[in-house]
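>>> Here's my sequence, what's the structure:
(3 chains)
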Amino acid sequence: MSAINNKNCKYISQKEIKITFDGKSYSALDGDTVASALLRNNIRLIGRSFKYHRPRGIYTCGIEEPNALVQILNEHNEPNTRATIKRTYDGINISSQNRWPSLAFDIGSINNILSPIFSAGFYYKTFMGPKGFWKKIYEPLIRRTAGLGKPPKNFRSKSIHQNHNVDILIVGGGLSGLIAARKLIDTNNEVLIIEQDCFLGGILKNSNKVKSIDGKNVFEWVNETEKLILGSKNIKILKNTLVTTYNFTNHLIALEDKFAGKKIDTNKSELTLHKIRTTHTILANGHIERFISFRNNDLPGVMLASSFEKYIERYGVAPDEKPVIFSNNSSTISLVKSLINLGCKPSAYIDSRNKNDIEDETKDYLLKNNIPFYPESEVEGCEGNKKVEKVYIRGSNKEISSINTSMLCPSGGFNPDIHLFTQSKGLVKWDDKIISFKPDTAFQNTITLGSVSGNYEFKNLCNEINKKLSFLKVNDLNLDIETNIRDDFSISELWETKTNKMSKWSKSFIDLHNDVTTKDLKQAINEGYDRIEHLKRYTTNSMGTDQGKISSINSLGIVSKILNKKIEEVGTTTYRPPYAPLSFGAIAGRSTYEYYDPERKTPIHNWHIKNNAVFEDVGQWKRPWYFKKDESESMHQAVQRESKQTRQTAGIIDGSTLGKIEIKGKDALEFMNLMYTNAFTKMKPMTSRYALMLGEDGMIMDDGIVCKINDKHFIATTTSSGAPKVLSHMEEFLQTEWPHLQVFLNSITEQFTTFNISGPKAREIISKVFTDIDFNNEKFPFMTFKTFDYKNTQARIMRASFTGELGYEIYISPKHALELWEQLFNYGKEFNLVPYGTETMHLLRAEKGYVVIGQETDGTVTPLDLNFNWMIGKKKKDFIGKRSLTRSDTAREDRKQLVGVVPIDKSLFIEEGQHIVECENLPNKIKTPIEYLGHISSSYHSPNLNHCISMAMIKNGNKLKGKKLFVSTSKGTKNIPVEVVSPVFIDPENKRLVS
Amino acid sequence: MTKILSSDSVNVIQKNFLQVLLRGDGRDQFNQIIAKETSINPPSKNLEISSDDKYIFAKNSFDQWSLLYLVEQDYKKILKIVENLNMNDEILASDYSYGQVYFEISGNNKNEFLNKLTNFDLRPKKFPVSTMAQTLIARIDCSIYNLKDKYIVTCNKSYEEYFKNRLVDINNLS
Amino acid sequence: MILINCPYCGEREQSEFSNGGEAHVARPKNPEALSDKDWGQYVFYRSNPKGIFYERWVHTHGCRKWFNAVRDTSTDTFLKIYRLDDNRPDISEFKSTLKSPSGEPSVGSGNFAVKK
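Now for the predicted structure:
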């Protein structure tokens, strides 16, 4: 039977557009969804089900759709799109999913024949063995057949986020939402209304149930309301936006489709993720119709009654001229009226309720219009080849008769859409009047209005809304709402009908998305899964992308009957966000690719780029890793060159990323003594010291250099990535433990650019630039600093280096950074001054046995482990971490200690992270654990010594100098023979440093 | 002054200001010393701004103040102020001038625009004129000063390029 | 994302704050006098109750001030926020806290959302 166009529909234009489905071209109307367009063209077969590959059609007209998932082949290649929501546009290219080679002839339908194997718990019981089969056979097979659509390729989402802060959020622009909004116009509240569709009105546009409001037809009333709202000063409307999540604290997330009904402009963001913080949330998001389980209730041609009605009223197309209608409640008669208005007539109206419970109005209407009426009856099942052809009815006399038809519209009742309410941690309660769960106790500032609160009758609506919103102290609104059907709602419980003809391929489904049958539910309960959360996972019932919106309450009904419990005792599974599938692109927003993490650059970053630096990420900073002399130079070559040159003449590194903290106050000295291990009391002013900061557990947290200006004024440097952590750590102790200390802290990391120049020629170069300063060894000793004026800015030079060469650290205002850097190169040219990066820095310090926080230390290393005994102020009564150093485990003598390691065969290379062991070869299969003595923490090829040098943490390292051990390697099971040596490989007497 | 982006609903300009960051206890002596040295009275209420066309003096936090000079000044003068203030034990003054970047954001839709990069509540009833806030914008620690018809947003200079790119990017996509 | 009412800046989003663990655990005045066990207790052990919990927060991306809070960890509700130098509120102040919606059913799993 064919579809009928409803030209009176005000929500669809009559303008024709062209769409493509599975390669064929069709006409549609502007405003159609994919589903309404296909129905308009009498296409009933739309996909194949997940497990059994059974033919499936369009079941509903909304977000709750379990079957009609399609792939959009245009720009973003979106899979698993609900055909019932996705709006078409001229040129849209749609393909069905989960079928091969075609929808009509799908090889996967063999699963249907094998279906007895796919019963409940299939995923858990099968694929257990034999050994090896999982990796070689099962997994590849499952990967190929699993899933529904295909993921998009080469599409980068441009979704953005939009934050909102409002007083009242109204979820749903239907009748209840609009009444609430009208009450709030031009009041003191900032209001946001969110509506899923591109039109407001909800049930007013989706159905034929309401005739008029205050004498106006519903279209007029909605338009008038919308105009009033848009003219108000305090209310905004967001359309094409679906609220998916309701979190603490009254924080909601909604997804807006920016290109609904249009071709996506790939230069703009296609989705906006709205994040709304509100004081009050009004949930007016309505209800969802549920189905009924009967034999073959999944055939294409079975469509929920309200959905059929919505296609007529909202989308202007009646999918079939004479469907069979099957209901257990008083509301479905409006569908009959819709059809009659269109000049159509249902083939039959089957009402499962007791004859005496059925409204006289309904009986009279059916009689008047000559519609075959079956009270106290139910559908036993339906049959057909890839579509409904025959419906079997069990009459009031329990006899089975049949009708030929191509469409069957069941209605099993309505569920208040409680997903968002329960996400907000509200509690629901079972209501026998509507035979469903409805919201009971809100946990947050949540109000429910209309059908979502279980109120299915229009005559009570304004009273309900006035009462629930009375706390807002706004005017009452009373409307005269006239309905097309009788307003009192009545329903009789019906979850499934008894099946007569059970064949292997006849199934009664309880979950259409995941292909779970009522038989599966019963089988699972027999196996002992009688708790609803277990049952859900064991059968995968309601675990699909539709979350069982049209069926999960039904499953509770069936389960309660088997277990002989009340439904509220059976309970519901936890509804988790999102309410509907949420694109990962939308969740990520712009925090992807180059914007993934904020990037920090030093003031001379552009110079580094011009000079062929290759960068590495250190925390959020971009630091030069190494500089390429020319295109052909490899990293290894560059690092060897930089390292060699620095020790020969001079090298310079941009150290601006290092943290700098200014510490000042009356009690600064006492504070510094508490925060670091060092003794600062006797430290002379204008000198510097290498300092260690420990955690309370005695483990090294950070290191740096502390410059003492005087007892009340210090400047401390930290590692690049440790800067924020150290500052927080200091603030924490100052505020929470020692508020009596008068100390102030400021981060000055950005306020000074830092250059470190070191090498035998460093003094000569730097003297040429700072002609006013005497860099003579006696006048400017090692570990001292000077402050001076540089071009009317504050500047500081400290004599220290991390390379073990004669070196100076220059602190200069960013204002003059580039010019100073270039000047240093001007004067340094004759000495072949070389810029070097972090890799060379690591290499040079390793040659000197200097540790790097995070490399030699990992949070389990104490100062004693690194032979830093000399850095601990012995006379200090207390400092953070002091007590822990004498804990029995921390004071153990055989802890892992810092040593150097060199390969005995100097041509071999030791890899970082490898284990130090006593055995020459590792067995092919390790059956018993091999004792692990330590690990290699740093390893480099030293160009200055011409062999590999490593630093390692080895158990009892201090006693192992000279010992021969082995280091594992990734290249095989033969370990590398090594010797344990001192970690200081170059200039152990520090002659260069203090020259 | 550089134009970063401009549309009929939002404008962003980058400017350079001189800035001093102050730490202290906010008591009478502190206020006196500051007033004497800078000729401006520091605000006492948390997040409060006192400003005119030449400067913004804001209390950023319980013990932190920012003094921004909106009009060009002799940098030497500012450095002298910092040096003099630091002679007092109860005060820590740091020159922040060349380590921060400053953006002026104006336009009818500046709130909606900024709310694409931050969830901070910019509504007048939560963020009144002549107040400031420290918060996250585009995941970067920023200070935002509310000067009636425009906001001044500042952050560390190292984030400059990233921050500008984010502003332009979000404007292009909307 | 929870809203937290910073005593200095007002209501801000949770993302601006960092949690600082249990409150009112004072650093021992004389660490040397403690045994390894007692010192270890201070360094490594903190309570972790389900229910009313006294904890610290710091407004990392705002004023950077530390403050205390009493939070019901089972409902993630802030019962009270107070400054470091305020008196610690007595637990009797919080007798009538909101009942946890995940009120444990006596046997088995599920059925958390339905009012009992």
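
>>> can you pull the contacts of the residue in chain C that chain B sits nearest to?
Going by Cβ to the nearest Cβ, chain B is nearest to residue C:63 of chain C, at 3.9 Å. Heads up, the C-betas are built off the backbone N, CA and C, glycines and all. Each residue near residue C:63 by Cβ atoms under 8 Å, 6 or more residues apart in numbering or on different chains is listed here: B:46, B:60, B:61, B:62, B:64, B:134, C:6, C:8, C:9.

>>> tell me the SS of it?
With DSSP: H, G, I helix; E, B strand; the rest coil as the basis, residue C:63 sits in coil.

>>> What is the neighbour count of the nearest residue to it once chain neighbours are set aside?
Using Cβ to Cβ, 6 or more residues apart in numbering or on different chains and skipping residues adjacent in sequence, the residue nearest residue C:63 is residue B:61, 3.9 Å away. Residue B:61 is flanked by 19 other residues according to other Cβ atoms under 10 Å in any protein chain shown.

>>> Could you check the pLDDT of residue B:61?
Looking at residue B:61, its pLDDT reads 91.

>>> what is it paired to in the beta sheet?
Residues in a beta bridge with residue B:61, per DSSP bridges, are residue B:64.

>>> Might one say that it is in contact with residue C:8?
Yes. Residue B:61 lies in contact with residue C:8 (Cβ atoms under 8 Å); the separation is 6.9 Å.

>>> Touching stretch A:253-261 from outside, list them.
The contact list for stretch A:253-261 (Cβ under 8 Å, 6+ apart) reads A:30-31, A:87-89, A:194, A:198, A:238, A:240-245, A:247, A:265, A:268-276, A:577-578, A:580, A:582-583, A:586.

>>> from the chain's centre, how far out does that stretch sit?
Offset of stretch A:253-261 from its chain centre (Cα atoms, centre = their mean, to the nearest Å): 18 Å.

>>> Export only the CA atoms of it, formatted as PDB.
Only the C-alpha atoms of stretch A:253-261 are listed here, as PDB (Å, rounded to 0.1, in the frame of the first residue of the first chain):
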ATOM      1  CA  ILE A 253      25.000  19.600  28.100                       C
ATOM      2  CA  ALA A 254      23.100  20.000  24.800                       C
ATOM      3  CA  LEU A 255      24.100  19.300  21.200                       C
ATOM      4  CA  GLU A 256      23.100  21.700  18.500                       C
ATOM      5  CA  ASP A 257      23.100  20.600  14.900                       C
ATOM      6  CA  LYS A 258      24.200  23.800  13.100                       C
ATOM      7  CA  PHE A 259      23.500  22.500   9.600                       C
ATOM      8  CA  ALA A 260      20.200  20.700  10.100                       C
ATOM      9  CA  GLY A 261      18.500  20.600   6.800                       C
END
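
>>> With adjacent residues omitted, what lies nearest to residue 57?
Answering for chain A, as no chain was given. Nearest residue to residue A:57 in three dimensions, chain neighbours excluded: residue A:300, at 2.8 Å (Cβ to Cβ, 6+ apart).

>>> that's the other chain; I wanted chain C
In space, residue C:57 is closest to residue C:17, 5.2 Å off (Cβ to Cβ, 6+ apart).

>>> I'd assumed residue C:56 was in contact with residue C:21.
Yes. Using Cβ under 8 Å, residue C:21 is in contact with residue C:56, at 6.4 Å.

>>> More neighbours: these two, which one.
Each of residue C:21 and residue C:56 has its neighbours counted (other Cβ under 10 Å); residue C:56 has more, 20 against 12.

>>> The more buried one and chain A, how far apart?
According to Cβ to the nearest Cβ, to the nearest Å, residue C:56 stands 7 Å off from chain A.

>>> how far out from the middle of the chain is stretch A:213-225?
Centre-to-centre, stretch A:213-225 and its host chain are 41 Å apart (Cα atoms, centre = their mean).

>>> residues touching the spatially most central residue of chain C, list them.
Centroid check for chain C by Cα atoms, centre = their mean gives residue C:55 as the closest residue, at 3.2 Å. Each residue near residue C:55 by Cβ under 8 Å, 6+ apart is listed here: C:19, C:20, C:21, C:22, C:23, C:68, C:69, C:70, C:71.

>>> I'd guess the second one is in a strand, am I close?
Yes. The assignment for residue C:20 is a strand, going by three-state DSSP.

>>> Confidence-wise, which helix or strand of chain A is lowest on average?
Every helix and strand in chain A was compared by mean pLDDT, DSSP states H and E; the lowest is helix A:122-125, with a mean of 65.

>>> Next secondary structure element downstream of it?
For helix A:122-125, the following helix or strand on the C-terminal side (DSSP states H and E) is helix A:133.

>>> What helices and strands are in contact with that following helix?
Contacting helix A:133 under the criterion 3 or more Cβ pairs under 8 Å, 6 or more residues apart in numbering or on different chains; DSSP states H and E is no other helix or strand.

>>> Check which element follows it along the chain.
Past helix A:133, the next helix or strand by DSSP H and E is helix A:139-145.

>>> can you tell me the average pLDDT over that next one?
72.

>>> which parts of that helix are buried?
Residues of helix A:139-145 include none that count as buried (16 or more other Cβ atoms under 10 Å in any protein chain shown).

>>> Quick check: residue B:3 touching residue B:13?
Yes. Using Cβ under 8 Å, residue B:3 makes contact with residue B:13 at a distance of 5.7 Å.

>>> The two: which is more packed in?
Just comparing residue B:3 and residue B:13: by other Cβ under 10 Å the higher neighbour count belongs to residue B:13, 16 against 9.

>>> so the more buried one, which of the three states?
Three-state assignment for residue B:13 (three-state DSSP): strand.

>>> contacting residues for the residue lying closest to it once chain neighbours are set aside?
In this structure, residue B:13 finds its nearest non-sequential neighbour in residue B:104, 4.7 Å apart by Cβ to Cβ, 6+ apart. Each residue near residue B:104 by Cβ under 8 Å, 6+ apart is listed here: B:11, B:12, B:13, B:14, B:15, B:150, B:151, B:152.

>>> okay, now the fourth one: neighbour count?
In this case it means residue B:14. Taking other Cβ under 10 Å as the criterion, the count of residues near residue B:14 is 16.

>>> Thanks a lot, catch you later.
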